[in-house]
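*Asks:* Sequence and predicted structure below; questions after.
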Amino acid sequence: MGIIAGFAALLLLGKYEVLLTLDKYQPVYSVLGFGVAGIFIIILFLAKPIRKIIGKFKKLSKKKDKNRLEK
């Protein structure tokens, strides 16, 4: 997965010649690939807890609004 993400990153940067001399630039695309993959993994693991926290704040604000309307 990291290698594929690295290829995608290099293609997006416009460095097509790197793909021809792959052995020379292996550290570059593997670092880019693992960085991109790491960001996606972190987002996947943190998405649900962040949604729960945001949902709690929304519920609290709705309760406060109901209390204001009742008074």
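*Replies:* Sure thing, it's come through. Numbers count the residues shown, from 1 in each chain.
*Asks:* mean confidence score for the helix or strand that residue 48 is a member of?
*Replies:* Taking DSSP states H and E as the definition, residue 48 sits inside helix 26-70. Helix 26-70 shows a mean pLDDT of 73.
*Asks:* Show the pLDDT at residue 16.
*Replies:* Per the predicted model, pLDDT is 55 at residue 16.
*Asks:* Offset the numbering so it begins at 631, please.
*Replies:* I'll keep to 631 as the first residue from here, and by that count the last item is residue 646.
*Asks:* Run a quick neighbour tally on residue 662.
*Replies:* Residue 662: 21 surrounding residues under other C-beta atoms under 10 Å. No exception for glycine: its C-beta is placed from N, CA and C like everyone else's.
*Asks:* typo on my end, residue 667
*Replies:* Residue 667 has 16 nearby residues by other C-beta under 10 Å.
*Asks:* and what of the one 10 residues further on?
*Replies:* Look at residue 677: counted by other C-beta under 10 Å, it has 10 neighbours.
*Asks:* For it, give me its contacts.
*Replies:* By C-beta atoms under 8 Å, 6 or more residues apart in numbering, the contact set of residue 677 is empty.
*Asks:* For residue 683, see how far away it is.
*Replies:* Counting by C-beta to C-beta, to the nearest Å, the separation of residue 677 from residue 683 is 11 Å.
*Asks:* cool, and residue 673?
*Replies:* 15 Å.
*Asks:* now residue 689
*Replies:* For residue 689 relative to residue 683 (C-beta to C-beta), the value is 11 Å.
*Asks:* and what of residue 662?
*Replies:* 31 Å.
*Asks:* Could you do residue 664 as well?
*Replies:* Following C-beta to C-beta, the distance that separates residue 664 from residue 683 is 28 Å.
*Asks:* which one of these two has more residues nearby?
*Replies:* A side-by-side neighbour count of residue 664 and residue 683, using other C-beta under 10 Å, places residue 664 first with 15 against 10.
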